[in-house]
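# give me a 3D structure for the following:
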Amino acid sequence: MFKRMAGIDMLHVPYKGGAPAIQDLLGGQIKIGVIGLPPIVGHIRNGKLKALGVTSPKRSPLLPDVPSISEVLPGFQSVQWMGLVVPAATPSEVIAKLAAETSKAIDDAQVKERLAQIGNEAVGGTPAEFARFIAEDLARWEKVIREAGVKVD
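Okay, here's the model as predicted:
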């Protein structure tokens, strides 16, 4: 998505996780990487890596001086997310209870602070809102895959 929106050519080098990519970035084997904040924020803060931009729609509270790529490429967004999911046949009353307890945890000040310290932002919502978010994210990446002609080897 970044290559297409920026109109540049870059070689995608797939890694089996962030740790090997970070090691190659720190060691100079690669010149640039797109890696989630939690494992690299310490390297940014101690000056071993320089953050050029964040892929979230807005600047990260962790690195407020680092621009969002969307400031230069309007509409660009690529976020890592985690969510709580259950089997489709889970009874609605169980889903409601899990959603309520999860929202309670997400709203806890200590939970928010701890997540922020490691580069995460807690975002709550209803199960229906989460399902909509997942559908929108899938549609965004399906379009990128189709336009880029990505094929599975």
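
# was I right about residue 35 contacting residue 19?
No: applying C-beta atoms under 8 Å, one finds residue 35 not in contact with residue 19, separated by 9.6 Å. Where C-beta positions appear, they are placed from N, C-alpha and C, glycine not excepted.

# center of this protein, which residue is that?
residue 80 (2.0 Å; C-alpha atoms, centre = their mean).

# leaving out sequence neighbours, find the closest residue to that residue.
Sequence neighbours aside, residue 36 is the residue nearest to residue 80 in space, at 4.9 Å (criterion: C-beta to C-beta, 6 or more residues apart in numbering).

# would you agree the one you found is in contact with residue 21?
No: counting by C-beta under 8 Å, no contact exists between residue 36 and residue 21, whose distance comes to 10.3 Å.

# and these two? Which one has more around it.
Shown here are residue 36 and residue 21; by other C-beta atoms under 10 Å, residue 21 has more neighbours (20 against 13).

# so this protein: which segments form each domain?
For the chain, automatic domain parsing gives the domain ranges 1-78, 81-153.

# mean neighbour count, those: which tops it?
The highest mean neighbour count among those, using mean count of other C-beta atoms under 10 Å, belongs to domain 1-78: a mean of 13.

# show me what stretch 9-20 is in contact with.
2, 3, 21, 24, 30, 32, 35, 36, 39, 40 (C-beta atoms under 8 Å, 6 or more residues apart in numbering).

# I'd like the list of the residues you listed that fall within helices, please.
2, 3, 21, 24, 39, 40 (DSSP state H).

# so which of the residues you listed is the closest to residue 140?
Proximity of these to residue 140 (C-beta to C-beta) peaks at residue 2, which lies at 12.9 Å.

# ok, back up a step: contacting residues for the residue nearest to residue 80?
With C-beta under 8 Å, 6+ apart, residue 36 has these contacts: 18, 80, 119.
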